[in-house]
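In: Model the structure of this input:
(one chain, ligands or ions: 1)
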Amino acid sequence: MMWEPEWETLPQDEIEALQLFRLKKLVRQVYERVPFYRERMEETGVRPGDIRKLKDLSLLPFTTKDDLRENYPYGLFAVALPEVVRIHSSSGTTGKPTVVGYTRKDLETWANLTARVLTAGGVRREDVVQISFGYGLFTGGFGLHYGAERLGATVIPISSGNTRRQIMIMRDYGTTVLICTPSYALYLSETLGEMGMDPKELKLRVGLFGAEPWTDQMRREIEERLGIDATDNYGLSEVIGPGVSGECMEAKSGLHIFEDHFIPEVIDPSTGEVLPHGKKGELVITTITKEALPLIRYRTRDITHLYREPCSCGRSLIKMAKPSGRTDDMLIIRGVNVFPSQVEEVLLEVEGTSPHFQLVVDRKGYLDGLEIWVEASEGIFFDSMRRQRDLVDKIRDKISSVLGISVKVRLVEPRTLERTEGKAKRVVDRRGI
Ligand code: DLL
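Out: Numbers count the residues shown, from 1 in each chain. From the prediction side, this is the model:
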């Protein structure tokens with residue numbers, strides 16, 4: 001089943017013709033309306049008229065998360081604020097988050113795209129869909145919510161947290177579809193066991209998981225434990241949120257990218273050179289239909305490769321492999337993006353610590369935990385237990401509020417964290433994903 005079969009099965013030559021048409025229009029628009037893009041293009045020496053074929057996309061400069069930050073909050077918007085009807089945002093590398101906006105038409109597009117993802121993952125009108133992604137500035141909850149409503153399913157906008165209540169509602173309301181991060185799905189299955197419940201007591205049949213990397217092995221485990229069919233879906237706030245690509249339940253291999261809205265490229269992250277299909281590198285996306293925040297060659301920092309193959313679901317759309325990692329140091333913990341630099345900023349503000357720290361990520365049971373190991377300054381270390389406790393509480397509260405997830409903080413003796421000659425080893429990831 002497809003949500004918009006006329007678009008999802010377009011032959012490659014027609015998709016490419018459509019992409020070129022939309023790209024030309026987009027480049028002209030951003031050149032006229034967004035000073036940032038005009039300056040960048042002038043610096044690079046390209047003009048809108050130079051885009052004559054799809055391959056000319058590579059003449060255009062990249063856009064990065066830093067560019068969004070430097071133009072915080074609305075500098076890259078291509079429409080006036082009254083045209084923007086929704087704002088979302090995601091964590092930035094330091095300090096400022098990234099702000100994204102949607103016009104009414106963008107919200108339309110987004111709902112259709114997440115409806116495509118849901119349909120590909122096996123969701124139907126008759127389903128009861130429990131959305132356990134956070135609702136709020138994060139794009140996960142609202143993004144999939146409108147898609148599920150669009151396709152006519154019965155939506156339970158439960159948001160994240162309170163696992164036992166999630167399970168109770170799942171049972172009592174007859175939830176058939178679960179939408180959350182893959183790690184939360186596993187955690188739910190574990191809690192189900194702790195509550196002495198059998199998944200057979202639930203009506204769950206399908207799960208759509210995304211917002212963090214996961215493996216096929218994890219898919220099998222989730223499918224077995226919950227007795228469902230699980231598919232992957234990918235997206236990022238800057239580009240639109242969820243709805244950039246999704247797996248089909250027929251093949252469960254690779255995520256179809258909605259090429260009528262996004263042009264994907266894979267580049268060598270160190271040289272910026274475009275790589276041929278099949279070669280692994282950094283995914284770069286150009287949005288060709290978005291109005292409020294169109295992005296030209298946005299560097300996602302996600303590592304994957306692209307391939308086109310006939311798919312058993314009948315879609316002609318190009319596929320991306322499951323993202324396998326990132327080219328930067330961003331961590332995804334319980335679906336929340338975390339940069340070590342955010343922790344550093346907090347520590348620099350707190351007296352009594354040294355700027356030596358490490359983020360230790362672990363998965364206890366199925367839930368990610370983040371512990372921050374911080375070297376105490378000499379003074380504090382020899383201080384009373386009471387003062388140390390106060391310091392730990394202060395750091396914990398500050399970091400938890402900046403990152404948006406709860407963390408544990410451990411003070412360690414001065415000069416005990418490993419020093420390296422090159423890049424500091426800020427992250428110890430023990431999750432094995
Ligand atoms: O995580 C959007 C989303 C919500 C996607 C719900 C799917 C479902 P951000 O918070 O901006 O947006 O984080 C984007 O998360 O660059 C990837 O590194 C990672 N990511 C998202 N989906 C996947 C996935 C949302 N399926 C960042 N596999 C991206 C691996 C993923 N990584």
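
In: drop to CA atoms for contacts and neighbour counts, all remaining ones
Out: Noted.

In: tell me the contacts of the residue of the stretch 51-200 of the chain found nearest the ligand?
Out: Relative to the ligand, the nearest point of the stretch 51-200 of the chain is residue 140 (3.6 Å; C-alpha to the nearest ligand atom). Neighbouring residues of residue 140 by C-alpha atoms under 8 Å, 6 or more residues apart in numbering: 133-134, 211, 241-242.

In: Would you mark the buried spots in stretch 136-145?
Out: 137-145 (16 or more other C-alpha atoms under 10 Å).

In: now residue 333: how far from residue 97?
Out: Here the distance between residue 333 and residue 97 works out to 17 Å (C-alpha to C-alpha, to the nearest Å).

In: thinking again about what came up before, can I get the buried residues of stretch 136-145 in JSON lines with secondary structure?
Out: Formatted as JSON lines, these follow (DSSP: H, G, I helix; E, B strand; the rest coil):
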{"residue": "137", "secondary structure": "coil"}
{"residue": "138", "secondary structure": "coil"}
{"residue": "139", "secondary structure": "helix"}
{"residue": "140", "secondary structure": "helix"}
{"residue": "141", "secondary structure": "helix"}
{"residue": "142", "secondary structure": "helix"}
{"residue": "143", "secondary structure": "helix"}
{"residue": "144", "secondary structure": "helix"}
{"residue": "145", "secondary structure": "helix"}
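
In: hmm, back to that, between residue 333 and residue 97, who's got more neighbours?
Out: residue 333 (20 against 17; other C-alpha atoms under 10 Å).

In: now the more buried one, which residues is it bridged with?
Out: residue 336 (DSSP bridges).

In: I'd assumed residue 291 was in contact with residue 106.
Out: Yes. Look at residue 106 against residue 291 with C-alpha atoms under 8 Å: they come within range, at 6.4 Å.

In: Buried by neighbour count: which residues of the lengthiest strand in the chain qualify?
Out: Longest strand in the chain, counting residues (DSSP state E): strand 353-364. Under the neighbour-count criterion of 16+ other C-alpha under 10 Å, strand 353-364 has 353-363 buried.

In: Just the closest of these to residue 255, please.
Out: Set against residue 255, the nearest of the buried residues of strand 353-364 by C-alpha to C-alpha is residue 363 (25.9 Å).

In: State the pLDDT value of that closest one.
Out: pLDDT for residue 363: 88.

In: Also residue 433?
Out: For residue 433, the model assigns a pLDDT of 68.

In: check which helix or strand covers residue 89.
Out: In this assignment (DSSP states H and E), residue 89 forms part of strand 84-90.

In: Next: residue 207.
Out: strand 206-210.

In: ok, now residue 238?
Out: Using DSSP H and E, no element contains residue 238; it sits outside every helix and strand.

In: Show me what the longest helix along the chain is packed against.
Out: In the chain, assigned by DSSP state H, the helix with the most residues is helix 12-33. When contacts are defined as 3 or more C-alpha pairs under 8 Å, 6 or more residues apart in numbering; DSSP states H and E, helix 12-33 packs onto helix 35-44.

In: May I have whatever helix or strand comes next after the helix it packs on exported as PDB, CA atoms only?
Out: As assigned by DSSP H and E, the chain's next helix or strand after helix 35-44 is helix 65-70. This file holds the C-alpha atoms of helix 65-70, laid out as PDB (Å, rounded to 0.1, in the frame of the first residue of the first chain):
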ATOM      1  CA  LYS A  65      23.900  23.500  11.300                       C
ATOM      2  CA  ASP A  66      26.300  26.300  12.100                       C
ATOM      3  CA  ASP A  67      24.800  28.400   9.400                       C
ATOM      4  CA  LEU A  68      21.400  28.000  11.000                       C
ATOM      5  CA  ARG A  69      22.900  28.900  14.400                       C
ATOM      6  CA  GLU A  70      24.600  31.900  13.100                       C
END
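
In: Helix 65-70: which residues count as buried?
Out: 65, 68-69.

In: Flag every buried residue along the helix or strand where residue 243 lies.
Out: Applying DSSP H and E as the criterion places residue 243 in strand 241-246. Going by neighbour count (16+ other C-alpha under 10 Å), the buried part of strand 241-246 is 241-246.

In: just stretch 1-10 next, same as before
Out: For stretch 1-10, by 16+ other C-alpha under 10 Å, it's 1-3, 7-10.

In: on that earlier part again, give the other helices and strands that the longest strand of the chain contacts.
Out: helix 340-349, strand 367-376, strand 427-429.

In: Just want the angle from that strand to helix 340-349.
Out: 140 degrees (axes from the mean of the first three to the mean of the last three C-alpha atoms, to 10 degrees).

In: in its sheet, what does strand 353-364 sit against?
Out: strand 367-376 (antiparallel), strand 427-429 (parallel).

In: on that earlier part again, need the contact partners of the strand holding residue 207.
Out: 118, 121-123, 176-182, 228-234.

In: ranges for the helices of the stretch 251-400 of the chain?
Out: 340-349, 378-381, 385-403 (DSSP state H, counting those that start in this stretch).

In: How about the residues of the stretch 251-400 of the chain by the ligand?
Out: Residues of the stretch 251-400 of the chain lying near the ligand by C-alpha under 6 Å from any ligand atom: 300, 302, 322-323, 337.

In: among those, which two are most distant?
Out: 322 and 337 (17.8 Å).

In: for the closest residue to residue 63 other than its chain neighbours, which residues make a bridge with it?
Out: Closest residue to residue 63 apart from its sequence neighbours, by C-alpha to C-alpha, 6 or more residues apart in numbering: residue 298 at 4.7 Å. Bridge pairing for residue 298 (DSSP bridges) gives the partners residue 63, residue 285.
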